[in-house]
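**Q** Pasting the sequence and the predicted coordinates here, then a few questions.
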Amino acid sequence: SPSPAAIDPERRVARPADVRAPAGRRRRPRPAHCRLRLATMVAACSLALGVAAPAVALAQPGAQPPAGDQTSSGQASSGQAPSGETSSGTSSDLPSAGQAPSGGSPSGHVQAAQPAPGLQVWTTYQGAALAWLKGQAAAYGQQFDKQVEITSMKLGDIKQRALVEADKGKAADLFVGVPHDQFSALADAGVLADMGNYATGRYLASLSAQAARAFRYQGTLYGLPLSVQGPALIVNSDLVPTVPSTYAQLKKVAASLTGGGQYGFAVDAGNFYYAYGWLRTFGGYVFGTDAQGNADPTDLGLASAGSVAGLEELKALRFQDGLLPPDSSYAALRKLFVTGKLAMIYDGPWAIPAIAQAKIPVVVAPMPPLADGTPWHGLMNVDGVLVNHYSTDRVGAANLAKWLTQVDAQAALARQAGSIPASPQALARVHSDAIIHGFGEALQDAVAIPNVPAMGTVWGPMDDALGSILASPGSDVKAILARAAATIGNP
């Protein structure tokens with residue numbers, strides 16, 4: 001991967017008022033807190049704005065897919081079903097509208113879809129991301145003569161209305177911008193369509209491994225990933241010209257810069273969203289997984305030897321190494337960084353607008369690996385597109401979901417709204433934006449927040465445990481984690 005480049009802070013703007021970063025210890029980070037609204041850095045992108053036309057053209061609903069040639073650009077002419085890979089590298093391995101999904105016609109013949117007046121989309125997107133969505137929907141609608149109506153609303157309203165109205169035929173056909181750990185109630189209620197009927201293994205292979213698993217719940221794929229978000233190492237390039245190559249080197253550089261009110265490295269250590277990186281990288285885990293890769297809440301690993309080792313190391317950063325400031329709350333660390341008193345911080349893209357406003361030049365990079373080469377594993381949020389099981393045009397809705405999540409569309413969303421693509425191929429297309437690319441590289445080894453309801457019982461006890469661990473150099477990490485695990489296992 002190319003080395004991240006220093007960023008001109010003038011390229012970024014302050015985030016909208018509705019964007020909130022993960023808060024302090026008592027306000028556990030949910031995706032509503034910690035995931036970046038995609039409009040956060042819109043006006044600051046140095047790349048040209050505008051919605052790129054997707055490289056894959058889908059077949060007209062109900063039409064027999066012809067075997068026509070693709071254009072030199074890799075785009076099939078309108079009404080043609082693409083075959084294989086386009087010249088742009090976008091996979092057409094997803095069935096096109098009008099094509100029977102797996103489990104459909106045994107002969108493999110196209111099944112005609114019933115005509116529908118149009119599609120309704122409910123989305124959490126606002127600002128630049130909403131403009132991107134409208135542009136993509138207009139392009140899709142123009143190519144396939146289908147109206148797409150888009151309504152922006154809060155995530156809670158989408159979930160509540162979908163639960164109440166879907167089986168009555170009153171909910172939208174498509175839900176866009178839904179966090180991967182916020183859809184399980186919809187799946188349990190039967191609201192969501194099985195996207196495994198449309199997404200093949202080859203399509204999922206184009207995503208990062210964790211992004212591909214993020215919308216799989218109880219063995220079923222319920223959504224197509226669109227963007228990702230999570231913490232990385234943010235470095236003041238004036239203070240640290242070269243990003244440390246190992247975790248041990250990071251600590252050494254940080255120690256050399258710590259003293260007299262200046263600090264070399266810090267993290268909101270009392271917040272489990274960030275502390276998870278230490279727990280997981282040193283061998284711990286929250287929930288185990290079954291043979292299919294689904295989270296298994298009965299296998300709780302928060303008091304495992306690896307978890308203890310990881311949080312012992314986090315504790316050592318404060319007491320033994322003396323690296324963490326006495327006040328390591330998120331607000332305090334943010335103030336230190338934007339005033340040039342903190343050289344490196346483990347934080348997410350929600351921190352970038354304030355850093356840019358302070359004109360601090362930064363490099364964004366993955367947290368460096370351990371001495372034995374173990375890569376850093378932080379947490380990650382994944383936003384995606386889901387289809388209403390009760391939609392009267394479910395194939396059309398699935399086609400629009402595919403349109404929005406293909407490589408060209410993800411890259412366009414990154415350019416227009418500053419999002420981080422879920423597809424490594426799309427990420428490669430925005431490599432010139434070193435902030436987006438830096439976060440994207442950092443998240444290649446990240447772990448998607450477990451999407452099971454049991455994860456909701458973890459945040460509070462673990463934040464409390466971290467508070468106890470970091471309260472005293474004599475704290476018993478093993479005993480504290482054992483108590484937290486007992487609380488979570490017996491709510």
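**A** Arrived safely, thanks for sending.
**Q** what sits opposite V176 in the beta ladder?
**A** Beta bridges link V176 to T123, V385, judged by DSSP bridges.
**Q** and what of A232?
**A** D347.
**Q** which sections of the protein are below the confidence cut-off?
**A** 1-117, 200, 490-491 (pLDDT under 70).
**Q** Geometric centre of it: which residue is closest?
**A** With the centre of the chain defined as its mean C-alpha position, the nearest residue by Cα atoms, centre = their mean is V228, 2.0 Å away.
**Q** Pull the contacting residues for that one.
**A** S208, A211, M380, N381, V382, D383, I420, P421, A422, G440, L443, A446 (Cβ atoms under 8 Å, 6 or more residues apart in numbering). All C-beta spots, glycine's among them, are computed from the backbone N, C-alpha and C.
**Q** Next one: the closest residue to A485 other than its chain neighbours from A454, what distance?
**A** Leaving out its chain neighbours, the residue that sits closest to A485 by Cβ to Cβ, 6 or more residues apart in numbering is A303, at 4.2 Å. Using Cβ to Cβ, to the nearest Å, A303 is found at 16 Å from A454.
**Q** now A351
**A** 29 Å.
**Q** Those two - which one has more neighbours?
**A** A351 (25 against 18; other Cβ atoms under 10 Å).
**Q** just to revisit the earlier point, tell me what the residue nearest to the centre of the chain is bridged to.
**A** Here V228, judged by DSSP bridges, has bridge partners V382, I420.
**Q** What's the separation between it and V430?
**A** Separation of V228 from V430 (Cβ to Cβ) stands at 13 Å.
**Q** So for the two, which residues contact both of them?
**A** Shared contacts of V228 and V430 (Cβ under 8 Å, 6+ apart): P421.
**Q** Tell me how far stretch 185-202 lies from the chain's centre.
**A** 18 Å (Cα atoms, centre = their mean, to the nearest Å).
**Q** what ranges do the strands span in the stretch 151-300 of the chain?
**A** 174-179, 216-217, 220-221, 223-229, 232-236, 263-266, 287-289, 295-300 (DSSP state E, counting those that start in this stretch).
**Q** Can I get those in a markdown table including distance to A471?
**A** Output for the strands of the stretch 151-300 of the chain, formatted as a markdown table (distance: least, Cβ to Cβ, whole Å):
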| stretch | distance to A471 |
| --- | --- |
| strand 174-179 | 32 |
| strand 216-217 | 37 |
| strand 220-221 | 43 |
| strand 223-229 | 30 |
| strand 232-236 | 26 |
| strand 263-266 | 17 |
| strand 287-289 | 27 |
| strand 295-300 | 24 |
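**Q** what about the ones you listed, which gets the closest to Y125?
**A** Y125 lies closest, by Cβ to Cβ, to one member of those: strand 174-179, at 4.8 Å.
**Q** So which residues lie in contact with that closest one, not counting its own?
**A** By Cβ under 8 Å, 6+ apart, strand 174-179 touches 31-32, 35, 38, 119-125, 129, 133, 155, 158, 162, 223, 226, 381-388, 391, 397, 400-401, 404.
**Q** which of those count as buried?
**A** The neighbour count (16 or more other Cβ atoms under 10 Å) marks 31, 35, 38, 119-125, 129, 133, 155, 158, 162, 223, 226, 381-388, 391, 397, 400-401, 404 as buried among the contacts of strand 174-179.
**Q** Run through the residues that contact G261.
**A** Applying Cβ under 8 Å, 6+ apart to G261 gives the contacts K341.
**Q** burial of the closest residue to H377 other than its chain neighbours, as a residue count?
**A** The shortest distance from H377 to any non-neighbouring residue, by Cβ to Cβ, 6+ apart, is to R280 (4.2 Å). Other residues near R280 number 22, with proximity taken as other Cβ under 10 Å.
**Q** same question, T151
**A** Count around T151 with other Cβ under 10 Å applied: 12.
**Q** measure it to A137 for me?
**A** Distance from T151 to A137, by Cβ to Cβ: 12 Å.
**Q** joint contacts of these two?
**A** Shared contacts of T151 and A137 (Cβ under 8 Å, 6+ apart): V121.
**Q** List the buried residues in stretch 289-309.
**A** Taking 16+ other Cβ under 10 Å as the criterion, stretch 289-309 shows N294, A295, P297, L300, G301, L302, A303, S304, S307, V308, A309 as buried.
**Q** hang on, I meant stretch 430-448
**A** In stretch 430-448, counting by 16+ other Cβ under 10 Å, buried: 430, 433-448.
**Q** Now, the residues you listed that are in helices?
**A** A434, I435, I436, H437, G438, F439, G440, E441, A442 (DSSP state H).
**Q** of those, closest to S475?
**A** Nearest member of these to S475, counting by Cβ to Cβ, is A442, at 29.5 Å.
**Q** What residue, apart from its backbone neighbours, is nearest that closest one spatially?
**A** Leaving aside its sequence neighbours, A442 sits nearest to A232 (Cβ to Cβ, 6+ apart; 3.4 Å).
**Q** residues near that neighbour, how many?
**A** Around A232 there are 28 residues (other Cβ under 10 Å).
**Q** how close does it get to V382?
**A** Counting by Cβ to Cβ - A232 and V382 are separated by 16 Å.
**Q** returning to what we had before: G467: which of the strands of the stretch 151-300 of the chain is closest?
**A** Closest among these, once you apply Cβ to Cβ, is strand 263-266, at 16.8 Å.
**Q** Remind me what that closest one packs against, helices and strands.
**A** The contact analysis (3 or more Cβ pairs under 8 Å, 6 or more residues apart in numbering; DSSP states H and E) places strand 263-266 against helix 247-256, helix 330-338, strand 342-347.
**Q** roughly how far apart are the nearest residue to F215 once chain neighbours are set aside and D476?
**A** In space, and not counting its chain neighbours, F215 is closest to G223: 3.5 Å by Cβ to Cβ, 6+ apart. From G223 over to D476 the distance is 41 Å, taken as Cβ to Cβ.
**Q** Next, count neighbours for the closest residue to L257 other than its chain neighbours.
**A** What sits nearest to L257 in space, not counting adjacent residues and going by Cβ to Cβ, 6+ apart, is G264, at 3.5 Å. For G264, the neighbour count with other Cβ under 10 Å is 21.
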